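J.: Sequence unavailable; structure follows:
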């Protein structure tokens with residue numbers, strides 16, 4: 001009754017299979033989440049969101065239309081503490097210029113670039129990219145701050161948009177797309193003209 005992999009907030013690991021879920025069950029389903037689920041009222045607390053499935057309250061838990069578990073956005077105290085520890089460990093591996101951030105958002109790779117997006121706080125995001133064979137401990141080739149998040153509907157699709165001079169870098173995360181849609185897409189515009197478009201793999205999110 002679970003759709004694997006079950007994503008956890010980056011930098012937590014995905015839950016890949018049944019045994020992994022059993023091992024980490026109590027890390028996710030603590031007393032607070034269990035109480036939220038068992039005391040919920042179907043007519044009041046659960047709502048249908050079209051093809052996206054069924055949502056508990058403001059999205060703490062998502063099920064598909066057959067009742068299969070799609071996502072758990074609730075975060076236990078254990079996971080919150082683990083996230084803080086993992087973020088600090090990750091910062092130690094990065095170049096000095098990008099160690100200051102509130103939380104990591106995602107890492108992408110195209111055929112040419114390695115991309116990292118971090119949230120700086122107050123709704124602002126940062127874009128850093130390197131040539132594909134570089135390391136994130138190297139100085140980024142491109143670094144853009146003050147990016148913004150653009151939500152595309154309720155299906156989970158979203159874009160992170162960064163402006164540098166007359167160029168705009170857009171990283172789109174595709175949750176619901178066409179059958180052959182890539183997981184993500186990097187698009188670069190110059191004076192409103194598209195000058196680069198590359199499919200991207202999601203390395204971490």
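T.: Yep, it's here. If you're wondering where the values come from, they're calculated on a predicted model, not measured in any experiment.

J.: Pairing partners for the top strand by length along the chain, with directions?
T.: Looking across the chain with DSSP state E, the single longest strand is strand 193-204. Sheet pairing of strand 193-204 (DSSP bridges) gives strand 103-109 (antiparallel), strand 184-190 (antiparallel).

J.: Could you list the residues in contact with the first one?
T.: When contacts are taken as CB atoms under 8 Å, 6 or more residues apart in numbering, the neighbours of strand 103-109 outside the stretch itself are 10-11, 83, 87, 90, 114-119, 125, 132, 160, 171, 173, 184, 186, 200-205. Where C-beta positions appear, they are placed from N, C-alpha and C, glycine not excepted.

J.: what's the angle from the helix of greatest length in the chain to strand 193-204?
T.: Ranked by residue count under DSSP state H, the longest helix found in the chain is helix 77-91. Per axes from the mean of the first three to the mean of the last three CA atoms, to 10 degrees, the angle that helix 77-91 makes with strand 193-204 is 120 degrees.

J.: what about helix 77-91, average pLDDT?
T.: What helix 77-91 shows for mean pLDDT is 96.

J.: So for it, what gets flagged as buried?
T.: 79, 82-83, 87, 90 (16 or more other CB atoms under 10 Å).

J.: Who are the packing partners of that helix?
T.: Where contact means 3 or more CB pairs under 8 Å, 6 or more residues apart in numbering; DSSP states H and E, helix 77-91 is packed against helix 18-28, strand 103-109.

J.: could you redo the ones you listed as TSV and give each row mean neighbour count?
T.: Below are those laid out as TSV (neighbours: other CB atoms under 10 Å):
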stretch	mean neighbour count
helix 18-28	13
strand 103-109	20
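
J.: possible to save those as JSON lines with mean pLDDT and distance to residue 190?
T.: Listed next are the helices and strands packed on helix 77-91 as JSON lines, based on pLDDT from 0 to 100; distance: least, CB to CB, whole Å:
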{"stretch": "helix 18-28", "mean pLDDT": "97", "distance to residue 190": "44"}
{"stretch": "strand 103-109", "mean pLDDT": "96", "distance to residue 190": "20"}
